[in-house]
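Colleague: Sequence plus predicted model, see below.
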Amino acid sequence: MAVLVTGGAGYIGSHMVLALHDAGEEAVVLDDLSTGFPWAVPDDVPLVEGDIADAALVAKIIAEYDVTAVAHFAARIVVPESVADPLGYYLANTVKSRALIEAVVTAGIRDFVFSSTAAVYGNTTVSPVPEDAPLAPVSPYGRSKLMTEWMLADAAQAHGLRYVVLRYFNVAGADPAGRSGQSTPHATHLIKVACQAALGLRPGLDVFGTDYPTPDGSCVRDYIQVTDLAEAHLAALAHLRGGGASGIYNCGYGRGYSVLEVAEAVKRISGVDFPVRLAPRRAGDPASIVADVRRIRADLGWVPTRADLDGIVMQALAWERELLAREGA
Ligand SMILES: NC(=O)c1ccc[n+]([C@@H]2O[C@H](COP(=O)([O-])OP(=O)(O)OC[C@H]3O[C@@H](n4cnc5c(N)ncnc54)[C@H](O)[C@@H]3O)[C@@H](O)[C@H]2O)c1
Ligand SMILES: O=c1ccn([C@@H]2O[C@H](COP(=O)(O)OP(=O)(O)O[C@H]3O[C@H](CO)[C@@H](O)[C@H](O)[C@H]3O)[C@@H](O)[C@H]2O)c(=O)[nH]1
């Protein structure tokens, strides 16, 4: 009995594989290594290099490893890239997910956990934002993910599939044991960029917009630690295996931090006073997006244990140092 983890060599998927591994569960990873890394998958977890849209390959993996559930992380994830290449994003995230869902339904697998995003809410003015808020994604990335949510709901209705959609807010931090972390060289995520500035890998941090209607004028986000997020997936799997109904859940902490607060935390923890420049707004950024997390806590019994910005920054800094050490080795 194994869980098929698509995109398991990537940032969040690799933390899911570690969480499954640590819980004594069998996993098998399907990843095309377009942005993932083979070293991110533990040696005793099988890694199959291939495409989620390769139906024959998916069927073979399901049969060979006795797959009983799927956690689907594989995707392209860069919002501005999705604006420049929408058709590429609809192919990678929507069309290929359709093929995967079909292969899963054909194989008779019942339980499916899908990585969605707070980007499905678009420029919401509701804070904290509940799952039943209006869905108005403003990028092809967000739309490509929302369409997959809809496909899952329709496939569930027609074919008896059951699913949990997890809408992640801002994922950050690294494995507390130092086994994985955000490793994409040119990642644009705030905490990673600030940590790179603290380590002198970038000249400083640009704060995109300081005239937002927020307490200090910079954008507010709900940062969720990546291992806590992986554990939300374990809770989702337990829910489905126990006969729980399909559902959609926000994944965050319900607490926001501004960009300037994050910059201060990284300075304080690193002890480096790197330059922070006030820069113009970045297109498409909502002023504030914080999760309403009552539903996941009530239905899945998920209890995060790492909801601490300082801890997240410490892990992210430690991971950047680890990447540097590997480069130098
Ligand atoms: N990082 C975030 O803040 C964030 C926020 C919300 C949602 N998400 C979602 O979480 C998931 C994982 O994101 P991540 O940050 O770990 O990104 P990532 O780029 O590190 O991981 C994606 C993985 O999928 C693999 N992949 C891509 N296309 C594939 C294909 N066709 N077949 C097989 N493998 C393929 C890549 O090689 C990579 O290992 C994505 O679905 C993303 O949309 C991420
Ligand atoms: O160098 C930087 C990088 C970011 N920011 C700001 O920091 C905030 C967070 O930005 P970022 O870390 O890029 O995350 P988001 O744009 O909020 O998007 C993330 O969170 C979404 C869910 O809310 C996911 O869908 C996306 O994949 C993921 O990148 C935003 O206000 C940015 O403008 C800066 O000011 N300077």
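Modeller: Done, it's in. Numbering: from 1, shown residues only. Ligands and ions are numbered 1, 2, ... in the order given.
Colleague: Just read off the phi/psi values of residue 46.
Modeller: With angles defined as degrees, to the nearest 10, residue 46 sits at phi -60, psi 130.
Colleague: Now do the same for it: its pLDDT.
Modeller: Residue 46 carries a pLDDT score of 98 in this model.
Colleague: for residue 276, same thing?
Modeller: Residue 276 is given a pLDDT of 98.
Colleague: tell me the contacts of it?
Modeller: 204-205, 207, 260, 263 (CB atoms under 8 Å, 6 or more residues apart in numbering). Heads up, the C-betas are built off the backbone N, CA and C, glycines and all.
Colleague: now do residue 101
Modeller: Residue 101 neighbours (CB under 8 Å, 6+ apart): 112, 151-152, 155, 161.
Colleague: would JSON lines of those residues with pLDDT and secondary structure be doable?
Modeller: As requested, the contacts of residue 101 are exported to JSON lines (pLDDT from 0 to 100; DSSP: H, G, I helix; E, B strand; the rest coil):
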{"residue": "112", "pLDDT": "98", "secondary structure": "strand"}
{"residue": "151", "pLDDT": "98", "secondary structure": "helix"}
{"residue": "152", "pLDDT": "98", "secondary structure": "helix"}
{"residue": "155", "pLDDT": "97", "secondary structure": "helix"}
{"residue": "161", "pLDDT": "96", "secondary structure": "coil"}
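Colleague: what does the stretch 101-250 of the chain put close to ligand 2?
Modeller: 117-119, 169-170, 188-190, 193, 205-208, 219, 221 (CB under 6 Å from any ligand atom).
Colleague: quick one: which of these sit in helices?
Modeller: 190, 193 (DSSP state H).
Colleague: Determine which two of the contacts of residue 276 are furthest apart.
Modeller: Using CB to CB, the two most remote members of the contacts of residue 276 are 204 and 260, lying 13.6 Å apart.
Colleague: Those two: which has the busier surroundings?
Modeller: residue 260 (19 against 14; other CB atoms under 10 Å).
Colleague: Only the buried residues of the helix or strand hosting that one, if you could.
Modeller: When elements are assigned from DSSP states H and E, residue 260 belongs to helix 259-270. Going by neighbour count (16 or more other CB atoms under 10 Å), the buried part of helix 259-270 is 259-263, 265-267, 269-270.
Colleague: what's the answer for stretch 232-243, then?
Modeller: Buried positions in stretch 232-243, judged by neighbour count with 16+ other CB under 10 Å: 232-237, 239-240.
Colleague: A PyMOL selection for the residues of the stretch 101-250 of the chain next to ligand 2, restricted to the buried ones, would help me check which they are.
Modeller: Those of those that count as buried under 16+ other CB under 10 Å are selected in PyMOL with:
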select buried, resi 117+118+119+169+170+189+190+193+205+206+207+208+219+221
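Colleague: so what's residue 106 closest to, chain neighbours aside?
Modeller: Using CB to CB, 6 or more residues apart in numbering and skipping the chain neighbours, the partner closest in space to residue 106 is residue 59 (7.1 Å).
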